[in-house]
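> Quick one, what's the 3D model for this:
(4 chains)
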Protein chains: 2
Amino acid sequence: MRKKRRGCDVPEATIHRLPLYLEKLKLLQAIGVEDVSSRQLAESLDIKASQLRHDFHYFGGFSRPGRPYQVEKLVPALEQIIGIDEPVPTIIVGAGHLGQALANYQNLGLQGFPLHGIFDVNPRLIGLEIRGQAIRDLADMPDIVKRDHILMGIITVPAANAQQVADRMVEAGIVGIFNFAPTDLKVPEGVVVRNERMAVGIMALSFKVKCILESRLSESPADEVGAPGKTTAEGEGDD
Amino acid sequence: MRKKRRGCDVPEATIHRLPLYLEKLKLLQAIGVEDVSSRQLAESLDIKASQLRHDFHYFGGFSRPGRPYQVEKLVPALEQIIGIDEPVPTIIVGAGHLGQALANYQNLGLQGFPLHGIFDVNPRLIGLEIRGQAIRDLADMPDIVKRDHILMGIITVPAANAQQVADRMVEAGIVGIFNFAPTDLKVPEGVVVRNERMAVGIMALSFKVKCILESRLSESPADEVGAPGKTTAEGEGDD
DNA sequence: TAGATTGTTAATCGATTAACAATC
DNA sequence: TAGATTGTTAATCGATTAACAATC
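Model prediction:
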C-alpha cells in the first residue's frame, strides 16, 4: 500500500520549499530587484543552487539557459503552482484562544487565504467580533462553505472534538484541513490533512537543547553558569 | 561547510518521531497497556516496525530480543532522551494574540514545559493576567531567565522585532528558541532555533488541494459542484 | 569571445525498509 | 519446541548534490 505518489508527482521536500522561494522572491520584488540567479536565491535560503534548479525543474520553464530568473515572472509562476494565484477562502472552526489568534493573524489573508468565517459551538463566543467578523454557530458552517465554495479549513478545537469537526468539514466540501488539534484525523481519499503539532516541535527542540548542554559539558567541564560562552559563529536553523 | 552532524548524531527524521512515540505510549499507559511490540506501536503510527526499531537502535537497550517493550519503562526512557524527564521551564516573549494563546495552552505545561513568564514591551499588556501569570516587561526577562536557569524561549513578536528578541534571549542564556515570527533568526553556534512557519504549512496544503482538484477534473470531467464525491477510503495524513 | 547562467542527467548521500541471527 | 520478538546489518529507495551541455 501507499505506493502511488500523491499530489502531482512532486516530492514532499520540494513542496515545502516552494513557499520559502516565494517568500524570498516577494522580498526581492519589494525592494525592486528584477533579476536573480539560482545561486543568489539559493544562497539567501542557505541551500544549494542545484537543489533550487532541481526543484524548479519539476515545473519547468521559468527561464532560459544563460539568463537568470526574472522576479516579476517567477512570483506569479510560483503563486500559480502553489495554488494562490486566486485567493483561497478559508474558515476556522474553534474560536478559542488559538482560533482567535489565527483569525487575528492578518498575514494569512495577505498570503492568499482570506478568512470567510470563524465558527464555534460555545454560545458565549458566538456573536463576538474578531476583525469585523462575528464568530458564528458551527451549525451554519456547511451552508457557508457550500455558498462560498470554500476548500480550506483550519481546526482549532480540542482534540476530543477534532474528528467530528473534520467529518463535518469534509461533508460540506472542504478538501484541505489544517489541523491544530493534537490528534490524528481520519479523512476520506481526496482530502488532505496537515497536522501542526506544537508538542512535536518543542520536544524536538528540547532534544537538541539537551544535546547542546551535553556537548558543552564534555568540552568545558568547568563552565560558569550564567556565562553563555559568547560564541559568534553562524546560526543553526531548522526547516 | 555543514559537515559535522548536529545533536547527538541522530537524524532529524528520527528526532521528529520521538515525540510521536512518546505520545502514543502515554496513551497506551493511560489505558493500562503493559507490553507493546514494535509491530503494534508502529502500526498505530502508520509506520514500519523496522523503522521504529531502527530509530530506537540509536539509543539502544529498550528491551531484550524476544521480549516486547514495556510501556512503563519506555515512557520514562523516551522522556529522558527528549530531555523532559525534568520539567523544562519556558518563557514566551510577545503577549499578542498568539503569545496569549500559547500561554493559555495548558498542554505545554503538561508536556513538560511549564511557563515561567510571558513578556512584552507594550505597557497596555504589561500587568494583564493570563492563567494567573502577569505579563511582564521584557526588560525583566534576562533576570528571570538567569534566576530560573531557563533554557527555552518562545518568540511570538512581529517579524521586525524577532531578531532583537532572539539576541536578548541568547544573551540571557537561552539555548533553544521556538520562533513563530515569520523571519529567519541569526543565532550563535550552540543555540538552536526551530521556526514554526504557518505560511509554509498552509501553502503546502494549498498545493496539494490544487493537485487534488486537478486530478478530480481529469478523472470525472462532468463533476457536480457541491457533491464532494462521497469517497470513503483511508485517510491521507502528513507529518 | 569569455564568463555566467539555466535545464537536465548522473553521482552521491542519507533515510527507509527488509532480512535475519539471537533470544524469549 | 514453535512462534514471536528484538537488535542489528544489508538492501533498497529517494532526495540532494555535482557535473555539464546548451545558451546567452
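> So A:I91, which state does it fall into?
strand (DSSP: H, G, I helix; E, B strand; the rest coil).
> Could you give the average pLDDT over stretch A:138-153?
Mean per-residue pLDDT for stretch A:138-153: 98.
> Report the backbone C-alpha coordinates of the helix or strand harbouring A:I81 in CSV.
Counting by DSSP states H and E, the element that carries A:I81 is helix A:71-82. Provided in CSV are the C-alpha atoms of helix A:71-82 (Å, rounded to 0.1, in the frame of the first residue of the first chain):
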residue,chain,number,x,y,z
VAL,A,71,11.5,38.1,-10.3
GLU,A,72,8.4,39.6,-11.9
LYS,A,73,7.7,36.4,-13.8
LEU,A,74,8.8,33.9,-11.1
VAL,A,75,6.5,35.3,-8.4
PRO,A,76,3.2,34.7,-10.2
ALA,A,77,4.5,31.4,-11.6
LEU,A,78,5.1,30.1,-8.1
GLU,A,79,1.8,31.5,-6.9
GLN,A,80,0.1,29.6,-9.6
ILE,A,81,1.9,26.4,-8.7
ILE,A,82,1.1,26.7,-5.0
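> Show me the domain layout of chain A.
A:9-82, A:90-198 (automatic domain parsing).
> neighbours around A:A77, how many?
A:A77 has 19 neighbours, counted by other CB atoms under 10 Å in any protein chain shown. Quick note: C-beta positions are derived from backbone N, CA and C, even for glycine.
> who touches it in this structure?
Going by CB atoms under 8 Å, 6 or more residues apart in numbering or on different chains, A:A77 touches A:59, A:62.
> and the one helix or strand in chain A whose mean pLDDT sits lowest, what does it pack onto?
Across the helices and strands of chain A, mean confidence by mean pLDDT, DSSP states H and E is lowest for helix A:107-110: a mean of 89. Where contact means 3 or more CB pairs under 8 Å, 6 or more residues apart in numbering or on different chains; DSSP states H and E, helix A:107-110 is packed against helix B:198-219.
> and the helix it packs on with helix A:71-82, angle?
Counting by axes from the mean of the first three to the mean of the last three CA atoms, to 10 degrees, helix B:198-219 lies at 60 degrees to helix A:71-82.
> right, is helix B:198-219 up against DNA strand D?
No. In terms of CB under 7 Å from any atom of the strand, no part of helix B:198-219 sits within range of DNA strand D; the closest distance is 13.5 Å.
> quick check: mean pLDDT across that helix?
For helix B:198-219, mean pLDDT is 92.
> quick one: contacts of that helix?
Outside helix B:198-219, the residues that touch it by CB under 8 Å, 6+ apart are A:6-8, A:10, A:15-16, A:18-20, A:22-23, A:81-84, A:88, A:90, A:102, A:105, A:107-108, A:111-113, A:151-152, A:154, A:175-178, A:190-192, A:194, A:196, B:180, B:182, B:223, B:229.
> gap between the two ends of stretch A:119-128?
From its first residue to its last, stretch A:119-128 covers 11 Å (CA to CA, to the nearest Å).
> all helices of chain A, in order?
For chain A, the helices defined by DSSP state H cover A:12-30, A:38-44, A:49-57, A:71-82, A:97-104, A:107-110, A:141-147, A:159-172, A:198-219.
> which one of the ones you listed is the most hemmed in?
Highest mean neighbour count among the helices of chain A (mean count of other CB atoms under 10 Å in any protein chain shown): helix A:97-104, with a mean of 22.
> and whichever residue of chain A sits closest to DNA strand D, how many neighbours?
Closest residue of chain A to DNA strand D, CB to the nearest atom of the strand: A:G66 (2.5 Å). A:G66 has 5 neighbours, counted by other CB under 10 Å.
> pretty sure A:V193 contacts A:T183?
No. A:V193 lies out of contact with A:T183 (CB atoms under 8 Å); the separation is 10.8 Å.
> okay, these two: which has more neighbours?
More crowded of A:V193 and A:T183, by other CB under 10 Å: A:V193, with 21 against 16.
> Bridged to that one, which residues?
A:I177 (DSSP bridges).
> residues in contact with the closest residue to A:V145 other than its chain neighbours?
Distances taken as CB to CB, 6 or more residues apart in numbering or on different chains place A:A172 nearest to A:V145, at 4.0 Å, with adjacent residues excluded. Contact analysis of A:A172 by CB under 8 Å, 6+ apart lists A:141-142, A:145-146, A:150, B:228.
> Against DNA strand C, how distant is A:A172?
Using CB to the nearest atom of the strand, to the nearest Å, A:A172 is found at 33 Å from DNA strand C.
> Kindly report the same for A:I91.
33 Å.
> Same check on A:K26?
17 Å.
> Would you mind checking the contacts of helix B:198-219 for buried ones?
A:6-8, A:10, A:15-16, A:18-20, A:22-23, A:81-84, A:88, A:90, A:102, A:105, A:108, A:111-113, A:151-152, A:154, A:175-178, A:190-192, A:194, A:196, B:180, B:182, B:229 (16 or more other CB atoms under 10 Å in any protein chain shown).
> among those residues, which are in reach of DNA strand D?
Okay, of these, nothing touches DNA strand D (CB under 7 Å from any atom of the strand).
> And for A:I174, nearest residue in space, chain neighbours not counted?
Distances taken as CB to CB, 6+ apart place A:G153 nearest to A:I174, at 4.4 Å, with adjacent residues excluded.
> which residues does that neighbour bridge with?
A:I91, A:I177.
> Pull the number of nearby residues for it.
A count of nearby residues for A:G153, using other CB under 10 Å, gives 26.
> any idea how far it lies from B:L213?
From A:G153 over to B:L213 the distance is 15 Å, taken as CB to CB, to the nearest Å.
> Then A:G60?
21 Å.
> now A:T156
In terms of CB to CB, A:T156 sits 25 Å off from B:L213.
> With A:I15 instead?
For A:I15, the distance to B:L213 (CB to CB) stands at 16 Å.
> go on, A:D9?
For A:D9, the distance to B:L213 - CB to CB - is 16 Å.
> and if you look at A:V36?
Taking CB to CB, one finds A:V36 at 31 Å from B:L213.
> Could you do A:A139 as well?
With CB to CB as the criterion, A:A139 and B:L213 are 27 Å apart.
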